[in-house]
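1. From the sequence below, what's the structure:
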Amino acid sequence: MNDSSPKVFVVDDDPAVLKGLSRVLRSTGLGVATFSSPREFLEQYDPREPGCLVLDVAMPGLSGLELQAALTVKGSAIPIIFLSGRGDIPMSVQAMKGGAMDFLTKPLHDEDLLKAVHAALKKDRIGRERRAELDDIQERLETLTPREREVLTHVVSGQLNKQIANDLGTVEKTIKVHRARVMEKMKVNSVAELVRLTERLGKIRMME
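-> Residues are numbered from 1 along each chain as shown. The predicted structure follows:
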């Protein structure tokens with residue numbers, strides 16, 4: 001299970017449901033992987049693989065809600081669309097509180113399923129882009145020395161070299177050297193870019 005194109009993972013203990021959902025999804029060109037139990041899915045799922053999960057809520061053994069909880073513990077952010085044959089309101093509330101994208105009742109309308117799946121795939125794509133951007137900025141930050149990090153903090157707060165030197169107990173010439181290294185390591189050409197980069201890092205973290 002390692003493909004760069006997004007995939008819809010379908011977990012249901014009813015073979016007929018798996019076949020029907022797979023047919024509908026594949027008819028629109030979507031990649032699909034089916035599983036007859038949550039445990040089977042957990043054994044094979046690679047969190048690095050983009051996609052979404054269409055999950056039956058009530059199954060023998062490990063339930064859909066328990067799978068949702070297990071994925072949360074593992075740190076997986078895969079969007080989940082729950083399916084229920086009973087339309088159980090308490091279960092749907094629990095699923096949504098757990099971060100589920102949607103809760104659909106069987107029998108499904110193809111349009112409802114496809115709409116929910118496309119929304120979930122979009123959410124997954126945006127989430128992965130944010131995390132990739134965050135990882136890139138973090139990698140740049142990790143190349144800075146402790147002193148360079150201090151200088152970065154002062155620079156983005158709008159302080160001049162002379163002020164930073166005074167605060168850090170050093171000379172302005174030394175701050176200029178640190179500042180140049182910070183700009184180079186963070187891959188920016190201006191203080192404005194540096195400020196935008198650090199602000200972006202904060203916004204992404206708040207959205208996670």
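
2. Let me see the contact set for the residue sitting furthest away from the middle of the chain.
-> In the chain, counting by CA atoms, centre = their mean, Val171 sits farthest out from the average C-alpha position, at 43.4 Å. Contacts for Val171 were tallied using CB atoms under 8 Å, 6 or more residues apart in numbering; they are Ala165. Every residue, glycine included, has its C-beta placed from N, CA and C.

3. run the last query once more with 10 Å
-> Taking CB atoms under 10 Å, 6 or more residues apart in numbering, we find Val171 in contact with 161-162, 165.

4. Leu30 - how many residues pack around it?
-> Look at Leu30: counted by other CB atoms under 10 Å, it has 19 neighbours.

5. next one: Gly64
-> As a burial measure, Gly64 scores 24 neighbours (other CB under 10 Å).

6. my guess is it meets Gly85, correct?
-> No. If you go by CB atoms under 10 Å, Gly64 and Gly85 don't touch, sitting 11.6 Å apart.

7. most surrounded residue in the contacts of Val171?
-> By neighbour count, taken as other CB under 10 Å, the most surrounded of the contacts of Val171 turns out to be Ala165 (20 neighbours).

8. quick revisit: what's the closest of the contacts of Val171 to Thr34?
-> The closest of the contacts of Val171 to Thr34 turns out to be Asn161 (CB to CB; 61.3 Å).
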